[in-house]
Structures are given as C-alpha cells and as structure tokens.
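Undergrad: here are the coordinates; sequence isn't available:
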C-alpha cells in the first residue's frame, strides 16, 4: 500500500454496556472478549498493520485518562502517533483533529482511514482487500468512503446507509453513492430496509483524503474545525459533542459506500459475546458455572475460582467482576447505561464505575 495511507484507531470510548467488566479505568477496548487472548485494541492494530505498512503508518486517538493503557498495550506505537484528547467530544472532533495532524505531517493528499477499536472482524484477507479498494477510491476521487455491512437481520440498534447510483468497481468490489443515512430505525422500518436489499449497516469505518474531509468539515461543521485549526487541542473544552455521522456524513454530497463481504460485529453489548462464541452449546460460559435447567444464558466471571450457580434461568446475562455483579435479561442489555446513571448518583458506588 501507498505509505501516504494512515490507519487511525478510534480508542476513546467508554463501553458502558459491557459494565461491570468495562469501567472508566478499563474500558472495553482494553479487554479480551472474543477468546483470542488479544484485547480489542490489540486485535484492531493487528488487522491494520498490514494496511499501514508498519507502526509508522498506524495512529491512535484516545482520551487522556486512558492514554497510558494504550501505551502499555501497544508499546511499539510511536509516541508522535498517539493523539490524546483532553476530554471526550465524540467522533467529529476526533476525526477533525486527526485530519489536521495527518495533513500537517503527510500533506492533504494523504489518505487516512478511521477504525473503531471495538470491532470484531472475520475473514482478514477479504478485510484487507476491501480496505485497499476503498483507499484506491479515496485516492482517485474526492469522496468520503464508508464501509457498509450487509445486514443479516432487522436490527434497530445500528444506523443504516442506503446505496444510490454505482460509481465504479475497485478490486472487483462495487462502490455506490450514498442516498441517505438513517439512525437506529424502529422495527418496521428496519424490516423494510432489510427487505429492500439497498441498505447496509453503518460500520463507523471511513476512508478519505485529508484535504477532502477538511474541506467538507469547513463547509458542514466549521464550529468544530475552525477552533481546532486555530487553537489546536486546546479548543476541546469549548467543542460541542457530536458524532461524525451527524456533523458531516449525513450532510455531505460526497459520501459513498462499499458494501463489504467480511464478517463483522461492533461488540456493542454482552449479547455480542453470544454471537461470537455460542456455537452448539446451550450457554456461553466464560466462568466456572454449575447450572440446572439453564439455557440461552451468558455467564462471565473475572475470577476463575469463583463459581456461578444458576437454576432455571433462560435468556439472561450474569457477569461477576470484583465487587460488582450484573444480572440482566438479554433483551434489556441496552439499558445498562440507565442502571449506571443510578449508580453515579450515590457516592458509595463511585469505585464501581
């Protein structure tokens, strides 16, 4: 690959829906959740290194409180390739600041790819081919490329991308203009999207030239770009929290999508563990478990010497970590954030967050 391609890992998230395993001091990107022994951050770096050429072509942007953990988990990462946000402001400021810094170091023609640290990816060879094709498109045309995941069910938890007119084939892979982005539709709408065959899940992975995305941010999100251009990272406290989807991708006329063929999961909550690891077993057991009439249950314990005993459970998540235990029905894991809000109100629980 051209060395003007810079792969950037977005590693500033909190991962609250993986509580109690994921905490402020140990968010989910630093956890190993897929049985590989590698953390999500390390696995993401492993996937991107062939694309980046070596560690010089790999960057990470993260939050100040967890920057040292990035250094510990990726000791080969050059210090100048670690961008540290003083406070989280969602993905739009992260993308804008990264694009500014890449342009300074490599010029506005450099292609950068943005990749969340919490994804699981299958078929690494197909993944590499897709990213190479997307980088070629970004290099040749003034476009903002997003990778769309072929939906396998009518999810209401993902954003959707509607593909429009085809714009060409790259490495035998077709690319399309984006007609629209839709955030987390209701069940009926999601089923319509799935049936149409025109929609992909929004993966949150993007590739574009630094100069192209900076020009589009200047047009559609100047309130984010201009303070960063004039004040640098010191502008962060004054920036509005906004995702790159809302700030730019839903507004730009230059968005295009590559529908991808590799397996993907964004590991958004505990149910993702079942999708990855269940197989033919009645439960997913990442714990010492003794069960009676228990099925469809996800069990996790940080201490292998502790035992979880269940009787008559079905479709439940049980997680034990330190002094905290979570028990939640699988169809309500999205509400873990609400439970954390209750914990935040009581001083005695601050150490559990």
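TA: Done, it's in. Because the structure is a prediction, the values reported are computed rather than measured.
Undergrad: Who are the contact partners of the residue minimising distance to the centre of the chain?
TA: Closest residue to the average C-alpha location of the chain: residue 116 at 3.3 Å, with C-alpha atoms, centre = their mean. Residue 116 makes contact with 9-10, 13, 44, 204-205, 266, according to C-beta atoms under 8 Å, 6 or more residues apart in numbering. Every C-beta, even on glycine, is put in place using the N, C-alpha and C of the backbone.
Undergrad: which of those lies closest to residue 226?
TA: Residue 226 lies nearest to residue 10 out of the contacts of residue 116, by C-beta to C-beta, at 21.9 Å.
Undergrad: Would you mind confirming that the closest one is in contact with residue 63?
TA: No. Residue 10 sits out of contact with residue 63 when judged by C-beta atoms under 8 Å, with a separation of 10.6 Å.
Undergrad: Now residue 191: closest residue in space that isn't a chain neighbour?
TA: Nearest non-adjacent residue to residue 191, counting by C-beta to C-beta, 6 or more residues apart in numbering: residue 154, 4.3 Å away.
Undergrad: Helix, strand or coil: sort out that neighbour for me.
TA: Judged by DSSP: H, G, I helix; E, B strand; the rest coil, the three-state class of residue 154 is coil.
Undergrad: what's around it, how many residues?
TA: 16 (other C-beta atoms under 10 Å).
Undergrad: Next: residue 75.
TA: Should you count by other C-beta under 10 Å, residue 75 turns out to have 8 residues around it.
Undergrad: That one and residue 45, how far apart?
TA: 11 Å (C-beta to C-beta, to the nearest Å).
Undergrad: picking up where we left off before, tell me which of the contacts of residue 116 fall in strands.
TA: Residues from the contacts of residue 116 lying in strands, with DSSP state E as the criterion: 9-10, 204-205.
Undergrad: Using CSV, lay out those together with pLDDT.
TA: Compiled in CSV, the ones in strands among the contacts of residue 116 are given as follows (pLDDT from 0 to 100):
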residue, pLDDT
9, 97
10, 96
204, 93
205, 95
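Undergrad: Who wins on neighbours among these?
TA: residue 9 (27 neighbours).
Undergrad: need the contact list for it.
TA: So residue 9 contacts 41, 44-45, 48, 58-61, 115-117 (C-beta under 8 Å, 6+ apart).
Undergrad: now swap in residue 134 and tell me
TA: Contacts of residue 134 (C-beta under 8 Å, 6+ apart): 113, 145, 147, 170, 175, 207, 258.
Undergrad: returning to that earlier point: what's the closest of the ones in strands among the contacts of residue 116 to residue 251?
TA: Using C-beta to C-beta, the ones in strands among the contacts of residue 116 come closest to residue 251 at residue 204, 16.9 Å.
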